[in-house]
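Novice: fold the following.
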Amino acid sequence: MSSRLLARIVLFSLVSVRLFAQQTPPDDGAPTFRVAAMALSSHVTVIAYGDQRFHEHLNFMISDPEARRALVAKIAEENPDAIQMSGDVPFKGTDVSDYDTFRAETKAWHDAHLRVYPVLGNHELRDGPKKGVEAWWNAFPELTGMRWYSVALGDRLSLIQLDSTSDLTMGSKQIKWIRAQLTALPPSVDFVMISLHHPPVADIQTRIHVDHNPRLNEIALRDFLSQIAPSIHAAIVVIAGHIHNYERAEQDGVTYLVSGGGGAEPYQVDRTQVDLYQDPGFPNYHYVKFELERDQLKATMIRLVDPDAKKLAWQKKDHFVIKKK
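Specialist: Got it, this is the predicted structure:
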């Protein structure tokens with residue numbers, strides 16, 4: 001097979017065949033997967049969002065199916081070059097029917113050959129990590145043997161997909177791998193988009209959902225990024241989920257998002273001063289659209305106004321720009 005044809009293979013298009021047999025991500029800093037620039041659109045777009053909780057039962061305390069399906073359809077209309085899903089794709093990872101629901105409801109993505117890059121969340125591992133990971137690998141066979149991985153999306157974008165259900169503290173295997181990824185970035189890479197489930201930075205809650213505040217595991221990642229970011233030539237944005245709302249913050253030159261509005265039961269948050277998004281609107285079913293431009297990565301939070309409306313309406317809410325270093 002020619003290298004040109006290999007470059008045109010669509011990664012993670014929700015097919016059942018295994019496109020890659022690689023069992024572990026490389027430790028030398030090389031990307032796990034590559035998508036050639038010639039295979040991308042002229043205006044590269046990435047959609048990021050999390051906490052869909054695909055589930056066959058109409059239990060709105062689990063997930064709102066109308067909001068979930070509306071978001072999937074709207075994202076299909078966007079026709080992005082890649083979709084980063086920051087965990088809790090199924091409600092219960094060991095329930096095969098949840099992944100069946102995921103495949104059925106995202107058929108439009110499959111038909112459009114969209115590239116989908118998921119990460120592990122706590123709901124993927126419900127009822128046991130071993131069974132949960134095996135079910136996740138069965139749903140995404142391209143990832144078999146890996147719990148974290150990276151994607152070279154053309155020449156200017158690097159996607160790093162982490163596992164926050166595994167150790168991220170200093171000296172851990174995963175943090176050593178992240179260091180190798182960041183220090184080996186080609187000079188052409190301008191932006192790194194890191195996706196994981198549990199947030200390293202979020203509004204600290206004192207009244208509600210206090211158990212969803214940043215944990216020591218992800219705080220260790222935050223501290224590591226604060227350390228290494230000044231020496232990296234690419235700008236970094238981190239997209240997490242777990243909190244079913246939207247938040248944005250900046251710390252030590254790194255942009256941090258919480259994008260957990262994929263359909264799961266919405267969570268109210270008390271917004272603190274560190275949150276750069278202060279809009280009181282609720283619930284925030286949404287996704288974040290990133291558009292690669294000449295010297296910047298432009299981002300827009302796109303919010304579903306009312307999932308129960310006969311005619312769906314969308315709002316372009318938070319707007320921000322990550323500038324090329």
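Novice: if you count neighbours, what's buried in stretch 103-120?
Specialist: Under the neighbour-count criterion of 16 or more other Cβ atoms under 10 Å, stretch 103-120 has 105-106, 109, 114-120 buried. C-beta here means a position set from N, CA and C on the backbone, and glycine is covered the same way.
Novice: what's the span of that stretch from first residue to last?
Specialist: As for stretch 103-120, its first-to-last residue distance stands at 17 Å under the measure Cα to Cα, to the nearest Å.
Novice: again with stretch 54-63
Specialist: End-to-end distance of stretch 54-63 (Cα to Cα): 7 Å.
Novice: for S97, helix, strand, or coil?
Specialist: For S97, the secondary-structure state derived from DSSP: H, G, I helix; E, B strand; the rest coil is helix.
Novice: just T300 next, same as before
Specialist: Using three-state DSSP, the structure places T300 in strand.
Novice: which residues touch it?
Specialist: For T300, the contact set (Cβ atoms under 8 Å, 6 or more residues apart in numbering) comprises 288-289, 291, 316-319.
Novice: separate out the buried members of those.
Specialist: Among these, the ones that count as buried by 16+ other Cβ under 10 Å are 288-289, 317-318.
Novice: for those, which one is nearest H197?
Specialist: V288 (15.4 Å; Cβ to Cβ).
Novice: pLDDT weak spots in the chain?
Specialist: Judged against pLDDT under 70, the low-scoring parts of the chain cover residues 1-26.
Novice: for it, which segments are assigned as strands?
Specialist: Using DSSP state E, the strands of the chain run over 33-35, 45-49, 82-85, 116-118, 149-153, 157-161, 191-195, 235-240, 246-251, 254-259, 286-292, 296-304, 314-323.
Novice: can you redo the ones you listed as JSON lines with distance to E66?
Specialist: Conversion of these to JSON lines gives the following (distance: least, Cβ to Cβ, whole Å):
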{"stretch": "strand 33-35", "distance to E66": "32"}
{"stretch": "strand 45-49", "distance to E66": "16"}
{"stretch": "strand 82-85", "distance to E66": "19"}
{"stretch": "strand 116-118", "distance to E66": "21"}
{"stretch": "strand 149-153", "distance to E66": "31"}
{"stretch": "strand 157-161", "distance to E66": "28"}
{"stretch": "strand 191-195", "distance to E66": "25"}
{"stretch": "strand 235-240", "distance to E66": "24"}
{"stretch": "strand 246-251", "distance to E66": "19"}
{"stretch": "strand 254-259", "distance to E66": "19"}
{"stretch": "strand 286-292", "distance to E66": "14"}
{"stretch": "strand 296-304", "distance to E66": "9"}
{"stretch": "strand 314-323", "distance to E66": "14"}
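Novice: one step back: could I get the buried ones among the contacts of T300 as a markdown table with distance to I232?
Specialist: Written out in a markdown table, the entries for the buried ones among the contacts of T300 read as follows (distance: Cβ to Cβ, whole Å):
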| residue | distance to I232 |
| --- | --- |
| V288 | 22 |
| K289 | 24 |
| K317 | 29 |
| D318 | 25 |
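Novice: how many other residues sit next to the nearest residue to P90 once chain neighbours are set aside?
Specialist: Once flanking residues are discounted, P90 sits nearest to D98: 3.5 Å by Cβ to Cβ, 6 or more residues apart in numbering. As a burial measure, the neighbour count of D98 was computed by other Cβ atoms under 10 Å and equals 26.
Novice: contacts only, for D98.
Specialist: By Cβ under 8 Å, 6+ apart, the residues touching D98 are 54-56, 90-92.
Novice: which of those residues lies closest to L221?
Specialist: Looking at the contacts of D98 and their distance to L221, the nearest is P90, at 24.2 Å (Cβ to Cβ).
Novice: for that closest one, list each beta-bridge partner.
Specialist: F54 (DSSP bridges).
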